[in-house]
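S.K.: sequence and computational prediction follow.
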Amino acid sequence: MEELIKAKEPFRFYTRLHLTELTGLRASTLNQLLGLLREVPDACIYHHTHRFLQQHQYLSPEPPNDFAYWVSEILGEDNLGERLASIDTIQFSTISGLREEIIRTIEEYLKTNTLAKMRFAGEGEEFYFIKSVSFILPTEYTVNDLKEFVEVLKKITIDSIYFHIFEARLRLGKGGNDFSNWIESSIGDKQLAARIARLDPYTHTLEDLRNNLLKIISNRIA
Amino acid sequence: MPSIEEYIPIVGESTIYDLRLITERLKGKVIQHVNSTAVGGGVAEILNRMVPLCKELGADVRWEVIKGGEQFFEVTKKFHNVLHGRREEITQNDFDVFMETSEKNINEANIYGDIIFIHDPQPVALIKKKKENKWIWRCHIDVSNPDQTVWQFLVNFIEQYDSAVFSAPSFSRRLPVKQFMIPPSIDPLSDKNKELPQETIDKILNKYSIVKDKPIITQISRFDRLKDPVGVIDAYLQVKRYVDCQLILAGGGATDDPEGPKVFEEVQELAKKDKDIHILLLPHNDIEVNALQRASTIIIQKSLREGFGLTVAEALWKGKPVVASNVGGIPLQIKHRYSGLLCHSIQGASFALKQLLNSPEYAKKLGQNGREHIKNNFLITRHLRDHMLLFLSLYHKEDIVYL
């Protein structure tokens, strides 16, 4: 067994908890949805493209965003719903890029499917824009090598994994994720870091993601 | 009353650890809940469970109850009804009665907290006592279609608060204050939801002559038109043509609903059509409700309107497949075809019931997904976390808060 590398800088685990804020904005048609998509704050786009990951984390593959779900299930526009569901969220390192892609997808669809504009949601089935307020807190867990990292990774909440993988990557405009960044810069294991950075977190449940990370890192230090 | 440690086997140690972590950030703050009754009613039930757990986590939480005479509560009951969309005449005298008692409470209530958490319309006027402290108004009512006169009367007070809280997005209104969504929750350790030994379940089935060798479809709710018990019987009779099964309609009568006894009679009359329909009046018998839910093959909640519909969460928590109307807070609990089936009509309900009775594996999967969804989103521990975050949000205006 290779000797464990001690990190240059320890890794502190954080957790991210969220509170749901209501905006009072709602859409009944695709045109109204488009209009509001252009003006709502980033925290709204973030909420509707990431909520499923935490609230429905047992489903895989789950409907990856609320827009896709509403367009398919409520408006009955399955084709557009599928296009929205297929937006490759991981390709976007900013919320504004993701917002533009959602808007572009709907606009393109409406050009050739003008009747879709006539569809509307019944009372109570409108699309309600909601935003996430995030609270980020340090936990008591800090680690100095990959063995300690694995032990903590086993017991932290999925909210903590969520923070280090998703929140750090997309919402805060950081590249990669916190785990691969630390493994590369503090442990110096570029190969392992690259392997973790390549994981597409949007196609795993959070528990799957935890298990995958544990497997990859445990194999590396075995 | 269970201690916070007893929730660890259900939600995991790390969830409780996170709760302690955020509660620490509220050190030094006194949080004061104010409502209108210490016992009876949903709000008192929530506070009776939440306050001791918050204290155990280390938060300084107190609970005050406002005073009011019969006349005041008659008026607030009327307010409650018309906010829910029911038509009733509201007179100037009603507003005068409300303000007279409110003034007395404003003078007499001992308000001293750093954070004042006001529940529902009854104590809303206490905001007149606002000083440097933070005030939250918690609306437990579905105000998606309220009587405008009463709503506007309340808005005059609500707009002086720091934040308002609603249970579902469709319940909120446009307001000049921040609005948060905090859905209600169920307590997995309460009599209504805790695990039960099979003998207890069997005993209760025996008591009501319900057999175990035929599938059981159950709706737990008051005998109230808005819960559509007649529609449930219709849906059941359509299913019965193809699948031999039983129906249980169980719940309390709505004591404040003059139509209640009439609905109950009507339902009893209809039940005579089929010997496998069991109509059970079960006021305040949580263990029996729990047992009936656990014994059921499918739970139905075919409400025409619904506040939040926590009976759905109770059923899903027990891993049961659920067929429910797409109203109120139900779509927050069920994602159609993922964690249950949503319906809009009697025919839709009957089709969904048949589908689940004929596809037990699919029904099982829906139930499993439903249980996980409730575990992650509708247990009391999530509710506690939301309350703590709500209190912290009063001191932070940004969307990303570093603590």
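M.R.: Received the coordinates, thanks.
S.K.: switch to C-alpha atoms for all contacts and neighbour counts from now on
M.R.: OK.
S.K.: for my notes, confirm A:Gly24 occurs in a helix.
M.R.: No - under the criterion used here (DSSP: H, G, I helix; E, B strand; the rest coil), A:Gly24 is strand, not part of a helix.
S.K.: what residues does it make contact with?
M.R.: Listed by C-alpha atoms under 8 Å, 6 or more residues apart in numbering or on different chains, the contact partners of A:Gly24 are A:128-129, B:169, B:172-174.
S.K.: now do it against B:Ala349, distance only.
M.R.: For A:Gly24, the distance to B:Ala349 (C-alpha to C-alpha, to the nearest Å) stands at 31 Å.
S.K.: re the thing from before, of the contacts of A:Gly24, buried ones?
M.R.: Those of the contacts of A:Gly24 that meet the buried threshold are A:128-129, B:169, B:172-173, by 16 or more other C-alpha atoms under 10 Å in any protein chain shown.
S.K.: host element of the residue of chain B at minimum distance from chain A?
M.R.: Using C-alpha to the nearest C-alpha, the single residue of chain B nearest to chain A is B:Phe180, 4.2 Å away. Element membership for B:Phe180, per DSSP states H and E: strand B:178-181.
S.K.: helices of chain A, start to end?
M.R.: Under the criterion DSSP state H, chain A contains helices at A:30-39, A:42-55, A:66-73, A:78-85, A:95-112, A:146-155, A:158-162, A:178-182, A:190-198, A:206-221.
S.K.: of those helices, flag the one that's most buried.
M.R.: Of the helices of chain A, the one with the most neighbours on average (mean count of other C-alpha atoms under 10 Å in any protein chain shown) is helix A:158-162, at a mean of 22.
S.K.: what does that helix contact?
M.R.: A:13-17, A:54, A:206-207, A:210.
S.K.: can you put those residues in TSV and add pLDDT and distance to A:Glu73?
M.R.: As requested, those are exported to TSV (pLDDT from 0 to 100; distance: C-alpha to C-alpha, whole Å):
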residue	pLDDT	distance to A:Glu73
A:Phe13	96	38
A:Tyr14	94	36
A:Thr15	91	33
A:Arg16	89	30
A:Leu17	91	29
A:Gln54	66	20
A:Leu206	81	25
A:Glu207	84	27
A:Arg210	92	31
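S.K.: any chance of those residues in TSV, with distance to chain B too?
M.R.: Formatted as TSV, those follow (distance: C-alpha to the nearest C-alpha, whole Å):
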residue	distance to chain B
A:Phe13	12
A:Tyr14	10
A:Thr15	8
A:Arg16	9
A:Leu17	8
A:Gln54	8
A:Leu206	12
A:Glu207	12
A:Arg210	14
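S.K.: which single one of those residues is nearest to B:Leu196?
M.R.: Within these, the smallest distance to B:Leu196 is 28.8 Å, found for A:Glu207 (C-alpha to C-alpha).
S.K.: what does the domain assignment say about chain A?
M.R.: Domain segmentation of chain A under automatic domain parsing yields A:11-16+A:135-221, A:18-131.
S.K.: okay, now the unreliable bits of the stretch 101-250 of chain B?
M.R.: Within the stretch 101-250 of chain B, not a single segment meets pLDDT under 70.
S.K.: only C-alpha atoms, please: export stretch A:179-189 in CSV.
M.R.: Taking C-alpha atoms only, stretch A:179-189 is exported to CSV below (Å, rounded to 0.1, in the frame of the first residue of the first chain):
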residue,chain,number,x,y,z
PHE,A,179,-13.5,17.7,-4.1
SER,A,180,-11.6,17.5,-7.3
ASN,A,181,-10.1,20.9,-6.8
TRP,A,182,-8.7,19.9,-3.4
ILE,A,183,-7.5,16.6,-4.5
GLU,A,184,-5.6,18.2,-7.3
SER,A,185,-4.2,21.2,-5.5
SER,A,186,-3.6,19.9,-2.0
ILE,A,187,-3.1,16.2,-2.5
GLY,A,188,-1.5,16.6,-5.9
ASP,A,189,-3.3,13.6,-7.5
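S.K.: now the two most distant members of the buried ones among the contacts of A:Gly24.
M.R.: It's A:Phe129 and B:Arg173 that sit farthest apart of the buried ones among the contacts of A:Gly24, by C-alpha to C-alpha, at 12.8 Å.
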